[in-house]
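K.L.:
Fold the following for me, if possible:
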Amino acid sequence: MLATVVSANQDYFIIDSGSKTLSSDQGAHGIAGMEGYGLAYPADRFQDKEVKMVVAKLSEEHGFVKRNGCDLSVGSQVRIVPNHSCTVANLLDPYLVVRNDEVVDQWRVAARGQVH
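P.N.:
This is a model prediction of the structure:
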């Protein structure tokens with residue numbers, strides 16, 4: 001997922017993705033040692049372990065990403081690997097398909113919200 005830093009304080013980056021997009025589930029049951037609601041990376045350093053941050057808390061609309069020594073400005077984007085991707089898949093209408101940092105396609109989620 002791609003999210004935007006909308007505010008920051010000394011402990012957290014506040015992003016525009018909360019429980020309504022990331023889910024308040026912390027992952028599949030039985031996974032020990034899982035922390036937070038996902039991992040976040042500066043968009044230009046995706047999966048670089050040196051800048052790995054944890055999405056530590058969620059409100060409905062915002063996420064709180066532990067800074068972990070990183071310095072990002074408001075408006076910066078972060079890429080998030082959510083802990084529970086199947087829930088995230090049901091919460092969003094389109095998927096943007098990215099290859100080499102370029103959007104190459106958009107997939108509509110036809111079954112979104114169809115769980116009864």
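K.L.:
what's the helix or strand of the chain with the lowest mean pLDDT packed up against?
P.N.:
Of all helical and strand segments in the chain, the minimum by mean pLDDT, DSSP states H and E falls on helix 85-91, at a mean of 72. Packed against helix 85-91 by the contact rule (3 or more Cβ pairs under 8 Å, 6 or more residues apart in numbering; DSSP states H and E) you find helix 19-22. Placement of C-beta: from N, CA and C, glycine included.
K.L.:
Okay, now the sheet partners of the helix or strand just after the helix it packs on, with direction.
P.N.:
Downstream of helix 19-22, the next assigned helix or strand under DSSP states H and E is strand 38-42. Using DSSP bridges, the strands paired with strand 38-42 are strand 53-58 (antiparallel), strand 77-82 (antiparallel).
K.L.:
how about the ones you listed, which one is nearest Asn68?
P.N.:
Asn68 lies closest, by Cβ to Cβ, to one member of the strands paired with strand 38-42: strand 53-58, at 4.6 Å.
K.L.:
and that closest one, average pLDDT?
P.N.:
Across strand 53-58, the average pLDDT comes to 95.
K.L.:
what does the following helix or strand past it contact?
P.N.:
Going down the chain from strand 53-58, the next helix or strand is strand 63-66, by DSSP H and E. Contacts to strand 63-66, defined as Cβ atoms under 8 Å, 6 or more residues apart in numbering, come from residues 3, 11-15, 17-18, 22, 36-37, 40, 53-58, 78, 80.
K.L.:
repeat that for 7 Å
P.N.:
Strand 63-66 is contacted from outside by 3, 11-15, 17-18, 22, 37, 40, 53-57, 78, using Cβ atoms under 7 Å, 6 or more residues apart in numbering.
K.L.:
Kindly reformat the strands paired with strand 38-42 as TSV containing distance to Ser7.
P.N.:
Converted to TSV, the strands paired with strand 38-42 look like this (distance: least, Cβ to Cβ, whole Å):
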stretch	distance to Ser7
strand 53-58	13
strand 77-82	13
